[in-house]
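K.L.:
Build me a model from this:
(one chain, ligands or ions: 1)
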Amino acid sequence: MSFTPVASLKGKSVCAASQFDRTDIDALIELARAMKAHIESGQTIHALDGRVMTPLFYEDSSRTLSSFCAAMLRLGGQVVNFKVEGSSVNKGETLEDTVRTLDSYSDVLVLRHPKVEALAQATSVAQHPVMNAGNGSGEHPTQALLDTLTISAELGRVDGITIALIGDLKMGRTVHSLLKLLTHNFSLAKVYLVAPAGLEMPQEVLDAVAADLTQKHIALEQVHALSPAIVADCDVLYATRLQKERFPAAAAGADPVAAFQKAKEDILINKARLESAKEKMIVMHPLPRVDELSTDIDSDPRAAYFRQMKYGLFMRMAILYSVLA
Ligand code: ASP
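P.N.:
As a prediction, the model looks like this:
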């Protein structure tokens, strides 16, 4: 079976949600779903035989790292097992020199870094495409694409939905990318931004989506608590954890962090809260969850977060295939 790559991605780095238009997204979703069906029927793919990917992860990861590696392997490619710990990074090597090195051994790099600006530093020296796997509190575009695939596959549509983005919207990069990707490409009905005081969506992200909200008549409401009325109105509840590691150590007891602990009850998604939810809706979370999402809904069919992480494998296969094929 041959798959149709998304031609506009060929040889390109994946840096930000804003680089994707509706045509790209629809094509990526179609490709990811075709690959899912193929793999789940027990077949294999050899489209990237002989191609090499190197992940450069300067920050912890479970799903993004493993699903990118699994995606490359499932396409027939190979993965260089580079570990930042134990590398010359510990001897003081600059990011640029490390990128130059791994770039010279690879066809594609996957970068995760605690600093927003690291992505631009890497793409400025890399000869091969760089996949942004999370740049500090900036963006996580491949997560937004897999989130969109999840909504589309689970609900059968993305246009017309009402979604609540909940939790640490200030430092959470997944919600920055998702809000931009959805509002720019889909006619949403309404977006609720539910964040504890001090952890609201950054103004620069709100500014970036303002024109799309107006043009598409998408309603936006910012609140501090997840009320039964909001739960009842939503097709998607998208929870996120407090990004503790993004607050300076000295500010560990800082107001927003303390506010999050205090506000947890107001944003917690659990069985009791889902009582007012529609029968056909989904609960999503990029994971890891800490204590903003209760395990007491794990067996509820509306809990889509474990299926969501699986969609991640197929979306990353679609992306790598389109970039490298
Ligand atoms: N795994 C996601 C990320 O890397 C979400 C999180 O860590 O909270 O951004």
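
K.L.:
Every contact and neighbour count from this point should use C-alpha atoms.
P.N.:
Will do.

K.L.:
May I have the secondary structure class of the residue lying closest to residue 158 once chain neighbours are set aside?
P.N.:
Nearest residue to residue 158 in three dimensions, chain neighbours excluded: residue 152, at 5.5 Å (C-alpha to C-alpha, 6 or more residues apart in numbering). At residue 152, secondary structure determined by DSSP: H, G, I helix; E, B strand; the rest coil is helix.

K.L.:
I'd assumed residue 160 was in contact with residue 152.
P.N.:
No. Applying C-alpha atoms under 8 Å as the test, residue 152 and residue 160 come out as separate, 11.4 Å apart.

K.L.:
Next up, phi/psi of the closest residue to the ligand within the stretch 1-150 of the chain, please.
P.N.:
With C-alpha to the nearest ligand atom, the shortest gap between the stretch 1-150 of the chain and the ligand falls at residue 134, namely 6.0 Å. Main-chain torsions, residue 134, degrees, to the nearest 10: phi 120, psi 110.

K.L.:
give me the number of residues near residue 123?
P.N.:
Number of residues near residue 123 (other C-alpha atoms under 10 Å) recorded here: 22.

K.L.:
Residue numbering should commence at 37 henceforth.
P.N.:
With 37 as the first residue, the last one maps to residue 159.

K.L.:
Next up, the contacts around it.
P.N.:
By C-alpha atoms under 8 Å, 6 or more residues apart in numbering, the contact list for residue 159 reads 49, 165, 166.

K.L.:
go with 10 Å
P.N.:
Residues in contact with residue 159 (C-alpha atoms under 10 Å, 6 or more residues apart in numbering) are 49, 50, 51, 132, 135, 136, 145, 147, 165, 166, 167, 168.

K.L.:
what sits against the first one?
P.N.:
With contact taken as C-alpha under 10 Å, 6+ apart, residue 49 is in contact with 55, 144, 145, 146, 159, 162, 164, 165, 166, 167, 168, 359.

K.L.:
The same query, at a cut-off of 8 Å, please.
P.N.:
By C-alpha under 8 Å, 6+ apart, the contact list for residue 49 reads 159, 164, 165, 166, 167, 168, 359.

K.L.:
Check the third one too.
P.N.:
For residue 51, the contact set (C-alpha under 8 Å, 6+ apart) comprises 155, 166, 167, 168, 175, 177.

K.L.:
Look up how far residue 123 lies from it.
P.N.:
Distance, residue 51 to residue 123, using C-alpha to C-alpha, to the nearest Å: 25 Å.

K.L.:
Identify the residues contacting the residue nearest in space to the middle of the chain.
P.N.:
Note on the chain: the residue nearest the mean C-alpha position is residue 179, at 1.9 Å, using C-alpha atoms, centre = their mean. Counting by C-alpha under 8 Å, 6+ apart, residue 179 touches 210, 213, 214, 322, 348.

K.L.:
what about whichever strand or helix holds it and the ligand, touching?
P.N.:
In this structure, residue 179 sits in helix 177-191 according to DSSP states H and E. No. On the criterion C-alpha under 6 Å from any ligand atom, helix 177-191 is out of touch with the ligand, staying 7.8 Å away.

K.L.:
List the buried residues in that helix.
P.N.:
Along helix 177-191, these residues count as buried under the neighbour rule (16 or more other C-alpha atoms under 10 Å): 177, 178, 179, 180, 181, 182, 183, 184, 185, 186, 187, 190.

K.L.:
who's in contact with the first one?
P.N.:
Residues in contact with residue 177, defined by C-alpha under 8 Å, 6+ apart, are 50, 51, 52, 53, 168, 169, 170, 210, 213, 214.

K.L.:
for the protein, what spans make up the strands?
P.N.:
Assigned by DSSP state E, the chain shows strands spanning 88-93, 114-115, 144-149, 166-171, 198-202, 226-230, 255-259, 272-275, 318-320.

K.L.:
any chance of those in JSON lines, plus mean neighbour count?
P.N.:
Shown next, in JSON lines, are those (neighbours: other C-alpha atoms under 10 Å):
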{"stretch": "strand 88-93", "mean neighbour count": "23"}
{"stretch": "strand 114-115", "mean neighbour count": "20"}
{"stretch": "strand 144-149", "mean neighbour count": "24"}
{"stretch": "strand 166-171", "mean neighbour count": "27"}
{"stretch": "strand 198-202", "mean neighbour count": "25"}
{"stretch": "strand 226-230", "mean neighbour count": "23"}
{"stretch": "strand 255-259", "mean neighbour count": "14"}
{"stretch": "strand 272-275", "mean neighbour count": "24"}
{"stretch": "strand 318-320", "mean neighbour count": "24"}
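
K.L.:
which one among the contacts of residue 51 gets closest to residue 343?
P.N.:
The nearest member of these to residue 343, counting by C-alpha to C-alpha, is residue 177 at 18.5 Å.
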